[in-house]
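Colleague: Sequence below, structure please.
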Amino acid sequence: MMTPKTMPILFMTAFLMFVIATFSWVPDDFVVTRILGIAFAITYIFFQLNKETFRKKKPFFKLFFLTSVVALFIGISIDHVFMNSGLRAQDYFILVIVLLAMTKMYEDFYVAPH
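Modeller: Model prediction:
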């Protein structure tokens with residue numbers, strides 16, 4: 001039986017498997033962004049597994065949040081340089097998904113009752 005504590009880990013594991021699978025579907029597009037997405041998912045799972053430790057380190061979480069968003073923005077921009085295509089608004093939905101995941105993670109860590 002799944003508990004609310006295991007759902008974020010299962011969700012990120014599914015996201016991780018999906019991103020890894022996309023390397024075989026479209027190997028040339030968004031390589032940097034996908035690698036950063038894999039690193040984000042692994043770090044998110046690590047945070048969930050060590051939740052008690054990171055609850056005490058709120059500045060570290062904020063630094064991770066900022067670093068993730070900036071790294072993904074740069075990764076998307078780098079991918080567009082190598083793809084020789086114009087910037088499309090749809091490509092930046094990746095940042096929206098990460099922002100939503102980070103907001104949920106923040107709520108899980110600091111707002112939800114312990």
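Colleague: how deep is F60 tucked in, by neighbour count?
Modeller: If you count neighbours by other Cβ atoms under 10 Å, F60 ends up with 12. Heads up, the C-betas are built off the backbone N, CA and C, glycines and all.
Colleague: Mind naming the longest helix for the protein?
Modeller: helix 58-83 (DSSP state H).
Colleague: for the residue nearest the centre of the chain, what are its contacts?
Modeller: By Cα atoms, centre = their mean, the chain has its centre lying nearest to F40, at 4.0 Å. By Cβ atoms under 8 Å, 6 or more residues apart in numbering, the contact list for F40 reads 68, 72, 98.
Colleague: Pick the one among these closest to K58.
Modeller: S68 (15.7 Å; Cβ to Cβ).
Colleague: Secondary structure element holding F93?
Modeller: helix 93-106 (DSSP states H and E).
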